[in-house]
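Peer 1: Got a predicted structure plus its sequence, pasted below:
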Amino acid sequence: MLIREYGYLDFRLPEAHAVYWARKGLEHAENNASIDCERMIFQSLNDAYFNGFLLHLSPDPKKWWVYYTTNNTALVDSARNAYLDAAENHPDNRSVKSGFENFMVDAIVTLYVGGQRKKATEFLLWMRSSEWYGTSLRYHQTLEHFAFTELQSDVDEATQDQAETIVQGFLTRSFTSLALGQQNEAAGFAAHAGRVYETYMQIIKKDRDNKRRGLRPFDYYRTRVLSYLLGTGSMEPELQAWLRFELKRWAAEDSEFKTYLSGLPLSENLVSEQELADLRETSTQVCAKCGRAMPITAFERLEGRAGRARSCRICEKH
């Protein structure tokens, strides 16, 4: 029932249980309205949207702790509607509207970065026409400018160290998304890293009296981040293996991607072909439609560079 109403909820994660019990609470509330229960629902759907999709990355079933959570975009409309229902039931509660605005801003950005520009545009236009937020100039920008402004609003005042941290942060998220098979997100974060870099360097050139120093070449930061991710314990070995696999796979299949990777610290012997085959067969993912846990190979798209799907191939056909 919950999945039919809201979309895929992974009951291995706490947010799904929170929604279930909050719904039970509403059944016993007067007029099916309770701000405490409704807050639990919209906050849990909020959290599940941003961090409610779970991947088990280890070929060893005993290593249950080796998992990664990422955003569950199937819940974005349900989360928005849960906020709106609470706002309608409790029109004088300012915290609901404030939380809703924060959710919408973050959702627009993550949808944009994830390549879902149509949905991101829909949400931005909704905010622009809303009686609550429509007068704010914040929502009367282009989608691209809005997303960049929200992702890095402090770049104008950033010091060299701060700018380096921002650039490397986006590159880290890009490589992590790549390891998870999320090609659109990986490309989006890499593009934002480049845009922050170029913006900062332009500021340095224009402001001659500014004592801030420029940044090193962009390739330096790509190499530094990848070396850190592959050479330290910052990533679980299984996720490192997936990153190496994705890097090597796309380098072999796409000449532009191979050029992008040139100069990065890669080795053909980092992961054997057999290890990669075992990893692909034994790592699991839960289908967002049918809810079954299956090998990740059942989710790999056969064409294009879109990475792995959220639904298995059987469900994708129907």
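Peer 2: Okay, I see it.

Peer 1: Now Leu54, what are its backbone angles?
Peer 2: Here is the backbone geometry of Leu54 (degrees, to the nearest 10): phi -110, psi 130.

Peer 1: Now do the same contact list for it.
Peer 2: Counting by CB atoms under 8 Å, 6 or more residues apart in numbering, Leu54 touches Asp10, Arg12, Leu13, Tyr67, Tyr68, Thr69, Val286. Yep, even glycine has a C-beta here, placed from its N, CA and C like the rest.

Peer 1: gap between Ser95 and Tyr68?
Peer 2: Taking CB to CB, to the nearest Å as the measure, Ser95 and Tyr68 are separated by 31 Å.

Peer 1: re earlier: and which of the contacts of Leu54 is nearest Ala186?
Peer 2: Ala186 lies nearest to Tyr68 out of the contacts of Leu54, by CB to CB, at 14.0 Å.

Peer 1: Can you list the buried residues in stretch 118-134?
Peer 2: By neighbour count on 16 or more other CB atoms under 10 Å, the buried set for stretch 118-134 is Lys119, Ala120, Phe123, Leu124, Met127, Ser130, Tyr133.

Peer 1: Can you point out the buried residues in stretch 150-157?
Peer 2: Applying 16+ other CB under 10 Å to stretch 150-157 flags Leu151, Gln152, Val155 as buried.

Peer 1: Next: stretch 21-35.
Peer 2: For stretch 21-35, by 16+ other CB under 10 Å, it's Ala22, Arg23, Gly25, Leu26, Ser34.

Peer 1: likewise stretch 79-86?
Peer 2: Across stretch 79-86, burial judged by 16+ other CB under 10 Å covers Ala79, Arg80, Ala82, Tyr83, Ala86.

Peer 1: Could you export the contacts of Leu54 to CSV, including columns for secondary structure?
Peer 2: Shown next, in CSV, are the contacts of Leu54 (DSSP: H, G, I helix; E, B strand; the rest coil):
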residue, secondary structure
Asp10, coil
Arg12, coil
Leu13, coil
Tyr67, strand
Tyr68, strand
Thr69, strand
Val286, strand
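
Peer 1: Can you lay out these as a markdown table showing distance to Phe42, pLDDT and neighbour count?
Peer 2: Converted to a markdown table, these look like this (distance: CB to CB, whole Å; pLDDT from 0 to 100; neighbours: other CB atoms under 10 Å):
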| residue | distance to Phe42 | pLDDT | neighbour count |
| --- | --- | --- | --- |
| Asp10 | 18 | 89 | 18 |
| Arg12 | 21 | 87 | 14 |
| Leu13 | 17 | 92 | 19 |
| Tyr67 | 25 | 77 | 17 |
| Tyr68 | 25 | 80 | 17 |
| Thr69 | 19 | 85 | 15 |
| Val286 | 23 | 69 | 21 |
